[in-house]
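> structure for the following, please:
(chains A and B)
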Amino acid sequence: METYLKNINRNEVLKYLGYKGGKVDQKLEEDIKSCSEEIIKTAQPKVTYKVFDFSHESFMFEGTNFIPGGNNIKDLLKDCQKAVIMAATIGSEIENIIRRYEIKEIYRALILDSCASSAVENVCDNFQSELEKRVNEQGLFLTDRFSPGYGDMPFEQQKDLCAILNTSKTIGVSLSASGIMIPRKSVTAIMGISDKKQEKRFKGCEYCSMFENCSFRKEGVVCGKAE
Amino acid sequence: MFVEKLSNILKKDFVFLDGAMGTMLQAAGLKLGERPEILCITEPETIVNIHKMYINAGSDIVYTNTFGANAHKLSGTGYSTDEVITASVNAAKKACEGTSSAVALDIGPIGELLEPSGTLKFEEAYEIFKEMVVSGEKAGAEMVIFETMTDLYEVKAAVLAAKENTSLPIFVTMTFEENGRTFTGCTVESMACVLEGLGVDAVGINCSLGPKEIFPLAQRLVKCTTLPVVIKANAGLPDPLTNKYDITPEQFGEYMKMYAQIGVRIAGGCCGTTPDYIKEIVKQMPLNKGDRENIKTISKLCSPQKMVEVTGVRVIGERINPTGKKRFQQALRECDLNYIAERAIEQAEAGADILDVNVGLPGIDEADMMVKVVKTIQSVVNLPLQIDSSDPAAIEAGLRVFNGKAIVNSVNGEQEVMDKILPIVKKYGASVVGLAMDSKGIPKSAEERINIAKRILDNALKHGIKKEDVFIDCLTLTVSAQQEQAVETLKAVRYVKEEMGLHTVLGVSNISFGLPAREFITCNFLIQAMANGLDLPIINPNQQAVMDAVYSFKVLSGEDKDSEKFIERFAGRTPVQETASQNTGTKKSDDEKKGDLDIAYAVSKGLKEEAARITSELLKTMSEMDIINNLLIPALDKVGERYEKQEIFLPQLINSASASCEAFEVLKKSILSKGTGSVSKGKIILATVKGDIHDIGKNIVKVILENYGYQVIDLGRDVPIETVVETAIKEDVKLVGLSALMTTTLKSMSDTIEALRKSGHECKIVVGGAVLTEDYAKKIGADCYAKDAKQTVDFAKEILG
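Residues are numbered from 1 along each chain as shown, chains lettered A, B, ... in the order given. As a prediction, this is how the structure comes out:
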């Protein structure tokens, strides 16, 4: 399947920038636009994925020793016959550019960083909808995308997902000693494949492990995973 | 005996390596995500058998099952690197018994990315590899192969570890994407350039792509190195659903014939290949034996991403140098690496091809500073560097941590100096500048300088440095003091270039010292020097006229084809004089119109140049502190208020702060030139805690704090706890700001606070970061939780005034 970055969502960028309503001045509009263009031009989007059978008793993914942690993900996979593990990144060059701007013009670094966050989400969304099309063609359905750190799934499982997909070799994503993905603008996630139509399960902030200290919630907005 | 075995193998027309280990193990039931290296201890027979199958298929060299047997990847498995490597080498040795095949210690990437993108230090990577190669040699491996590498910096650490701690021959193969770059952006050419310099025995490409996709990259590789080339391709491309590769053994062998044709003589297979593939390679490659092309010798410098071939004038930027620059000296003393990074970015954007790096200053540990500065510069620009020092320790320290092929500036004709520095140049595969002078000083005549140049070249060649890596500096003398010398310098340049066939370097700016309108003399001398054969002028690329001269010269020398770059540079540029008069015109009228209030306007709108210009104007009538206290800070306070009221938000706040920063820079320079103390209202440490690399939040806070006149000691990101504590004590800092952006690194924040408290050093601690809350901040013992930069400033005012 082709990997691509289509566009960067202006509203999402504004949200990352801490925007809470009111007028957005012309200069900022233009700067978001030019930063989005720069990110789209520089991004090296890559996705890798694998499809697994899993046991409904233990939830262990076949051919691995991996069992997803927490109840939310098990709930998501409850009616599924297969599961997909995916990882996506927009590459390391963007990190270099942002680092340069952090020295030269932190204002632009901030906007680029927000655009890059939105970009990697877009890569995931595009992959997900492509995959959904294929799955639907087979008369099957895809669940939501669920990442380590969402809900009660331990953030630390990111390490297992990276190891299973061998992300350092396949898409150039490795983990730092403290478990941060590098390049930073990267995502790992799990999706289920079912023969039944799936309702959207990820219902809101109250299901999220970040509930207490989410910076979006502190500001009275939501991260977007909770629609 | 073993070594003999290997050297016999390497004498053969073709050297056949093995195929995939992982593929064979997965077929035998290894689960995804499991560490295959452990099998050498738990099921050694399985591994021995796989090796034997490859040997039977014709492999002359088998790779041990130690790809990920490093301390980092083995942590948590209950096995040590030494145990796993010893068992693996033993398994391979057992399989090779009674055959002519040899054992290569196989080492893959550590699995954690190095600085600057990651947090693993170059020095830590070196230690990890050192442990592996020492174990491997002890256990009886006959050579070492570093494979599937994507980061040239990691490879450099690996190669140095092997060279300095073992006598094993070294092969390196890196993994590229179809665009000819690795994931970290390293090109085939840069890999070859750096590794040939470091003295590896063979270089090549493995994994990620099939033989068809790798072929164009191999064609590039054989054109840029004289080293033997190694190829280990995958069995085509994998299908993510079935994990099957799409090329048969026969097809694979067929492809490998193309490689044999271009002179590749060391080959095997990577992911998806099996003994059947090796059999085909062994069968088919010898059918098509070709020779390597002769390659042109070109002087090259590089970073992983950028190759600079000296095939014309290449500009060396001179601005990273404290000589005669008070502001730069201050930056070095305060270890203000950002200031230095800015100078690097500025010169790169102005068109420098190479950056000279000089950090020599009395009272500064030059070697230590060289490491910090080189690492900082290469984190923001990708130009090759020229390590500029006379201290062998500083030169070696700089070369060691530079990720690429550098120039050393410099040696001279003194035997003692050459004997000390040339071996270092050779060891790290650098180029070297030879100054045409010796213990007797700078000779007056061109002839004498040429003689010294010849002496330097001879010595360099004796140390194994290639001729194309020797550059000669015929020395620029100040024309106002020794007028007759300019001509002698030019004469020597021409001779060295034409008769000796070496590239030449000159520090150009020195020519005009002590004269008015220096730029005219500098440019005129530069142009004459280039016409006489100067290829590597050391100049200030920020001076427009100087770079204009270089661009113009390249048109006339024919290097700038169709004047393309020249046209690009001058498109839309109005003649110099006109612009100048227009500028003064607007300046005046603006000043008259808006008066002193301007600075507030410039800050609120984020107009950087305006802010700097107005500040310069204000300095004519006001003191630095008055400008700060009566104009800048009130202006910032106003912006801050609007931010709090949500009339503006973060980007606009930052923009205003950046404009104010420009004003501050003008004030700092003014104070330095008068020598009247500093603008600092007190020191504050800022650090993104150990393990965390999210730096933007901290950097925003830094900019704002600096705007309020605080001296920020920015310790960067992923800062070890000890560094925070030591700096706080050493610099007697009363306020420490810590940032963490991940739930996983909050622990590190808490530990840092605890260590600060335990040290007994009295200071207040302010914390911030997206996942932090007021409650949590209290719980871990912080004095203040700042939700944003503004609140940090408020707290700083409370503590430091």
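> from residue B:737, how far off is residue B:779?
Taking Cβ to Cβ, to the nearest Å as the measure, residue B:779 falls 18 Å from residue B:737. (Glycine included, C-beta is placed from N, CA and C.)
> okay, these two: which has more neighbours?
residue B:737 (27 against 10; other Cβ atoms under 10 Å in any protein chain shown).
> so which helix or strand takes in the more buried one?
Assigned by DSSP states H and E, residue B:737 belongs to strand B:735-739.
> likewise residue B:145?
Using DSSP H and E, residue B:145 sits within strand B:143-149.
> tell me the mean pLDDT over the following helix or strand past that strand?
The element immediately downstream of strand B:143-149 (helix or strand, assigned by DSSP H and E) is helix B:152-165. Mean pLDDT, helix B:152-165: 98.
> pull out the buried positions in helix B:152-165.
Burial within helix B:152-165, assessed by neighbour count using 16 or more other Cβ atoms under 10 Å in any protein chain shown, is assigned to B:152-163, B:165.
> check stretch B:710-724 too.
B:710, B:711, B:712, B:713, B:714, B:715, B:716, B:717, B:718, B:719, B:721, B:724.
> cool, and stretch B:403-419?
B:403-414, B:417-418.
> please parse chain B into its domains.
B:2-288, B:578-674, B:683-800 (automatic domain parsing).
> can you tell me if the strand holding residue B:737 touches chain A.
No: interface with chain A: strand B:735-739 contributes nothing (Cβ under 8 Å from any Cβ of the partner chain), its closest point being 12.7 Å away.
> that strand pairs with which strands, parallel or anti?
Strands that pair with strand B:735-739, judged by DSSP bridges, come out as strand B:683-688 (parallel), strand B:764-768 (parallel).
> is the helix or strand just after it in proximity to chain A?
Downstream of strand B:735-739, the next assigned helix or strand under DSSP H and E is helix B:746-758. Yes: with Cβ under 8 Å from any Cβ as the criterion, chain A is reached by helix B:746-758 at residue B:748.
> what sits against the closest residue in space to residue A:69 that isn't next to it in sequence?
For residue A:69, ignoring the flanking residues on the chain, the nearest one in space by Cβ to Cβ, 6 or more residues apart in numbering or on different chains is residue A:154 at 4.6 Å. Applying Cβ atoms under 8 Å, 6 or more residues apart in numbering or on different chains to residue A:154 gives the contacts A:69, A:70, A:148.
> select from those residues the one having the most neighbours.
Within these, most neighbours by other Cβ under 10 Å means residue A:148, with 24 neighbours.
> residues contacting that residue?
Contacts here follow Cβ under 8 Å, 6+ apart; on that basis residue A:148 touches A:154, A:155, A:156, A:157, A:158, A:161, A:188.
> quick check, nearest of those residues to chain B?
residue A:155 (6.3 Å; Cβ to the nearest Cβ).
> was I right about the closest one contacting residue A:161?
No: assessed by Cβ atoms under 8 Å, residue A:155 is found out of contact with residue A:161, at 11.0 Å.
> nearest residue to the middle of chain A?
The centre of chain A sits closest to residue A:187, judged by Cα atoms, centre = their mean, with a distance of 4.2 Å.
> I'd assumed that residue was in a strand, is it?
Yes: counting by DSSP: H, G, I helix; E, B strand; the rest coil, residue A:187 is located in a strand.
> ok, what's across the strand from it?
With DSSP bridges as the criterion, residue A:187 is bridged to residue A:88.
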